[in-house]
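Undergrad: quick one: sequence and predicted model below, then my questions.
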Amino acid sequence: MNLIERPRRLRRTAGIRALVRETRLSPDDFVYPLFVCEGEGIRREIGSMPGAFNLSIDELVKEVEAARSAGVRSVILFGVPDEKDATGAQAYAEDGITQRAIRALKREVKETLVIADNCLCEYTDHGHCGVVEDGEVLNDPTLDLLARTAVSQAEAGADIIAPSNMMDGFVVAIREALDEAGFEHIPIMSYAVKYASGFYGPFREAAQSAPQFGDRRGYQMDPANAREAMREAELDYQQGADMLMVKPALPYLDIIRAVRERFDLPIAAYQVSGEYAMIKAAARLGWIDEERVALESLTSIKRAGADIILTYFARELANRLS
Ligand code: PBG
């Protein structure tokens with residue numbers, strides 16, 4: 001009779017471990033976030049995000065081609081415009097930085113899927129994600145601007161629209177505007193569950209989008225809330241979202257799992273700038289093994305239930321995985 005259970009039998013060699021491995025990462029899971037700025041020949045490293053850059057359109061094309069060769073098939077774009085104003089006009093300008101970048105990518109690197117982040121904070125001078133009046137971020141007037149932004153991104157050739165602003169009703173507003181403009185075939189990847197997180201710090205340096213007064217707690221979610229995440233996801237599902245995102249990823253694995261169990265849509269998770277920066281920083285100090293920790297984090301995110309992972313490590317790790 002067998003007195004001792006021996007799970008170690010299945011861990012003894014690399015061959016056996018590979019055979020029984022439950023979760024596998026593939027470059028197909030990745031979406032690569034990129035920051036596009038004005039100018040030419042610009043490839044400016046972001047101080048708090050080593051290995052990530054502000055790229056002018058010509059450099060962006062090169063980066064997306066290189067990522068493609070490494071096996072990355074999807075990118076998400078964030079525009080960093082020179083001009084910002086109170087209502088974020090460059091977000092929905094036909095010749096805005098993001099629109100021009102999308103056009104260039106669809107011309108030069110046709111096969112790569114281009115996702116357009118849809119928000120105003122990178123384009124407003126006050127750095128909030130919507131129209132501001134008397135220190136308040138107004139909901140409904142912002143929806144019109146987000147809808148215009150979505151249509152202009154689709155006109156430029158975006159394959160997917162990813163609204164990240166957390167106004168109430170943003171999915172239905174964007175869906176209706178896209179349909180009306182003849183873009184009923186363009187999917188919405190909704191940042192359905194987006195927390196007001198300290199982990200966005202490095203992104204705000206990259207996009208120069210830190211709020212000039214107050215913070216985003218009036219529209220992004222309280223990190224303490226899980227039931228509310230289900231409500232947010234449910235609303236976006238009802239409003240017609242095609243995919244649901246949870247953001248940040250590693251500190252919210254419980255939320256990824258809960259959204260996965262409740263909804264049958266593809267689930268995306270965003271390993272945000274601060275998650276990336278922490279791994280890079282500790283690795284630079286020689287305190288952790290960067291590649292190992294990055295892969296372990298991404299594996300955890302996938303194991304929790306994410307089908308799609310937005311990660312700044314996409315290009316670096318794709319080679320390693322393919
Ligand atoms: C825009 C947006 C943000 C991020 C993605 N879209 C910034 C924010 O909400 O402040 C953060 C991504 C990251 O930290 O990597 N609203």
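TA: That came through, no problem.

Undergrad: what's the local residue count around the residue in the stretch 101-250 of the chain that the ligand sits nearest to?
TA: Here the residue of the stretch 101-250 of the chain nearest the ligand is Phe203; by C-beta to the nearest ligand atom that distance is 3.1 Å. All C-beta atoms are positioned from the backbone trio N, CA, C, and that covers glycine. For Phe203, the neighbour count with other C-beta atoms under 10 Å is 27.

Undergrad: and what of Tyr276?
TA: Neighbours around Tyr276, by other C-beta under 10 Å: 24.

Undergrad: tell me if it really is in a helix.
TA: Yes. The assignment for Tyr276 is a helix, going by DSSP: H, G, I helix; E, B strand; the rest coil.

Undergrad: give me the pLDDT for it.
TA: pLDDT for Tyr276: 98.

Undergrad: can you list phi and psi of the closest residue to it other than its chain neighbours for me?
TA: Excluding the flanking residues, the one nearest Tyr276 by C-beta to C-beta, 6 or more residues apart in numbering is Tyr312, at 4.4 Å. Main-chain dihedrals, Tyr312, degrees, to the nearest 10: phi -70, psi -10.

Undergrad: which residues touch Tyr312?
TA: For Tyr312, the contact set (C-beta atoms under 8 Å, 6 or more residues apart in numbering) comprises Tyr32, Pro33, Met49, Gly51, Ala52, Gln271, Ser273, Tyr276.

Undergrad: the ligand: which of those residues is nearest?
TA: Ranked by distance to the ligand (C-beta to the nearest ligand atom), the contacts of Tyr312 are led by Ser273 at 3.4 Å.

Undergrad: ok so, going back, restricted to buried residues, select the contacts of Tyr312 in PyMOL.
TA: PyMOL command restricting the contacts of Tyr312 to the buried ones, with burial defined by 16 or more other C-beta atoms under 10 Å:
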select buried, resi 32+33+49+52+271+273+276
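
Undergrad: can you tell me which of the contacts of Tyr312 are up against the ligand?
TA: Filtering the contacts of Tyr312 for proximity to the ligand by C-beta under 6 Å from any ligand atom leaves Ser273.

Undergrad: in strands, which of the contacts of Tyr312 fall?
TA: Among these, the ones falling in strands (DSSP state E) are Tyr32, Pro33, Met49, Gly51, Ala52, Gln271.

Undergrad: what's stretch 221-239 in contact with?
TA: By C-beta under 8 Å, 6+ apart, the residues outside stretch 221-239 that reach it are 166, 168-169, 171-172, 175, 190, 192-197, 244, 246, 251, 254-255, 258-259, 262-263, 265.

Undergrad: fine, thanks again, bye for now.
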